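Sequence and predicted structure below; questions after.
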Amino acid sequence: MRTFISAIVWVLATIMIVTLVTLPINTRTQLIASVLIVTVMIIIKMLNADGKWRLVALAFGTAMVMRYVYWRTTSTLPPVNQLENFIPGMLVYLAEMYSVMMLALSLFVVAMPLPARKPHGRTEGPLPSVDVFVPSYNEDETLLANTLAACRNMDYPADKLTVWLLDDGSTLQKRRADNVADARAADARYKALNQLCEDLGVKYLTRERNEHAKAGNLNNGLAHSSGDLIAVFDADHAPTRDFLLETVHYFEKEPKLFLVQTPHFFLNPDPVERNLRTFEKMPSENEMFYGIIQRGLDKWNAAFFCGSAAVLNRKALEVSNGFSGVSITEDCETALDLHGLGWHSIYVDRPLIAGLQPATFASFIGQRSRWAQGMMQILRFRFPPLKRGLSFPQRLCYMSSTLFWLFPFPRTIFLFAPLFYLFFDLQIFTSSGGEFLVYSLTYMIVNMLMQNYLYGSFRWPWISELYEYVQTVHLLPAVVSVMLNPRKPTFKVTAKDESVSVSRLSEISRPFFVIFCVLVIAFFISIYRVYTEPFKADVTLVVGGWNLLNIIIAGCALGVVSERGEKQSSRRIRVSRRCEFGIGDRWFTATIEDVSVNGAALQIYTEGARDIANGAMGVLRFQPFSDLPISDLPIEIRNFDTVGDVTTAGCRYMPQKSTDHRLIADLIFANSSQWTQFQTSRRYNPGLLRGTIWFLGLAAYQTTRGLGYLLKDLGKSQTTKEG
């Protein structure tokens, strides 16, 4: 009876909203209603009202969006008999409807996401056996040593834990390649990694041929292992000591559970963060997905496998015949298949791994192109709306995740739509300037308020627009390509452990400067047309304002593609661990201040440290977090400086045996609380107004910086020609 009454209430509410949305009202009344609703939403936000009040604010915003859609559909489309206006006008309309649809799906997924699960810790009783898979293709030995050592350091019974290096870079196919140089390199890698695994107590596994990319590599690992659970870590994703203790216990409570996914936390900024210098003060781009969206998906049993930092149930994988490999995003595809077979997933929102992001803008775009093409393949071959076995909420969740990657199409249309009018005088939007401001400007403000409600401290204003724009320029042809030939894309490994030693323009930066130049020309044309065509000044000002917004975003992107050089090859992490520093027969009390994958910074408190020379060899002795005994880690002094009684020394690790690698991993990766603290420190909501002002300042600076890089690059090219 209660369900019936609830359904009646929802039907009546829907009828009332539709009636209100479709009421014929004049522009003045619409303006008054818009101001009132925006004011109410702002007041609710300022009062930090949550729970039902949050839903009330989102409901008001939804009503305004629906009102805009109704007006846009019934009053603004160009006449069909004017094809030169109707076709571009319809493209803009469809792009807007896509945005509205994605907003609706976002509201469904994340309006009330599940709260983060509490830390669990050690449990009494028997634990399942776990095989840890670290798939590798072309990563170097040092990177793999750190990850494998961190896996070996995990707090778990030794007889229940087996770590595997699944090496696809030394297959028999590669070792017998026709190119002798390639074959010798693969053979050398095979021998070196075999020795590394033997030293670390890790099992090494390769295969005959490189078939089905990462999915095939993982399935080969399944065929040679027998653990109850499978933990998967990318080659550059090192787990914390408590990773397994925080994840495996969920499988005891839920026999149909196939996945426990944790977030991907990164030690280094992505190229956007590095070049804009926002890594330490603004949430990373991936935190919106891992901090909010995955928790929203988890509410509907639709959290999916992200390729790493996850634990999977072997029984479930046996039912689905292993990891799926139809698309190049085997992770999401595998989750889709298992959800369709009635298995469940869980998302644990706590950073329990630390990984590396692409360092160059070109590698970043390559990674995102693979994600976009893989999701399009899933949409084409699996089509979630008709996938058998999925619940209706799961269908909506997977549609949200896959359709998102169509954003290059509407983003391109929004970028060039003002140019249709400014360059060619096409009437793609039949309304006055006043109507456009009352309806469209209100829609934009309400949309951004709703985004702020949904993502708040996880995504600052205008950052999504910037990320989408910088990806669109190169993702659009990638998405079109996979649509025309869905089986063409092949799995490409994302470059890891890169660095940018010299400041330079990205090798794929040219289109961004061309687009910026075109938009600036259009801006001056809009000013010219305001003076020469005063009878159309209201429309020209509105379109010019739209173009100006595009210029601001495009200008900020110039800073994104202007690669900043970094002196340090790896990001340093602040720690504070007491240690002893030994050199020769002398020992000093010291504190480890910060660490990286290559070395550490020490503060030495004994006066006798003043005479230490650069290049001197020494050792560090500290208490590990793991069950390792206190051992000596060999180091080389690279620099030092004495102020008063304290000597600050920079040192480089000089690992000589497997224990050394495990000590390095313990220094950097063991403590999960440091990742949580770092994330929390940069998660705050600047608000829509302050966030917009901040973004405008950022865009102004990055525009000038990007143009400065361009001038330097042109100067170098000219000098080279003259030489």
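Perfect, thanks for sending it. Residues are numbered from 1 along each chain as shown.

Against Leu449, how distant is Gly61?
According to Cβ to Cβ, to the nearest Å, Gly61 and Leu449 sit 6 Å apart. For every residue, glycine as well, the C-beta is placed using N, CA and C.

any shared contact partners between the two?
Here Gly61 and Leu449 have Met41 as joint contacts, going by Cβ atoms under 8 Å, 6 or more residues apart in numbering.

which helix in this structure runs the most residues?
helix 688-722 (DSSP state H).

who does that one touch, helix- and strand-wise?
Contacts defined by 3 or more Cβ pairs under 8 Å, 6 or more residues apart in numbering; DSSP states H and E place helix 688-722 against helix 271-276, helix 442-455, strand 504-505, helix 510-532, helix 537-560, strand 562-563.

how does it look with 7 Å?
Applying 3 or more Cβ pairs under 7 Å, 6 or more residues apart in numbering; DSSP states H and E, one finds that helix 688-722 contacts helix 442-455, strand 504-505, helix 537-560, strand 562-563.

Can you give the distance of the third one from its chain's centre?
I take that to be helix 537-560. Between the centre of helix 537-560 and the centre of its chain there are 26 Å (Cα atoms, centre = their mean, to the nearest Å).

Quick check: phi and psi on the residue nearest to the spatial centre of the chain?
Most central in the chain under Cα atoms, centre = their mean is Asn286, positioned 2.9 Å from the mean C-alpha point. Main-chain dihedrals, Asn286, degrees, to the nearest 10: phi -70, psi -10.

got a pLDDT number for it?
On the pLDDT scale, Asn286 is placed at 92.

is it true that it touches Asp270?
No: Asn286 lies out of contact with Asp270 (Cβ atoms under 7 Å); the separation is 8.1 Å.

deepest of the helices and strands packed on helix 688-722, which one?
Mean neighbour counts were compared across the helices and strands packed on helix 688-722 using mean count of other Cβ atoms under 10 Å; the top stretch is strand 562-563, at a mean of 24.

who does it touch, helix- and strand-wise?
Using 3+ Cβ pairs under 7 Å, 6+ apart, the elements in contact with strand 562-563 are strand 504-505, helix 688-722.

Need the winner for burial among the ones you listed.
strand 504-505 (a mean of 18).

any idea of the mean pLDDT in it?
90.

Same check on stretch 148-163?
On average, stretch 148-163 scores 94.

List the buried residues in it.
Using 16 or more other Cβ atoms under 10 Å as the test for burial, stretch 148-163 gives 148-156, 160-163.

how about these in a markdown table, adding secondary structure and distance to Arg574?
As requested, the buried residues of stretch 148-163 are exported to a markdown table (DSSP: H, G, I helix; E, B strand; the rest coil; distance: Cβ to Cβ, whole Å):
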| residue | secondary structure | distance to Arg574 |
| --- | --- | --- |
| Leu148 | helix | 25 |
| Ala149 | helix | 21 |
| Ala150 | helix | 19 |
| Cys151 | helix | 24 |
| Arg152 | helix | 25 |
| Asn153 | coil | 20 |
| Met154 | coil | 23 |
| Asp155 | coil | 23 |
| Tyr156 | coil | 28 |
| Lys160 | helix | 34 |
| Leu161 | strand | 30 |
| Thr162 | strand | 34 |
| Val163 | strand | 28 |
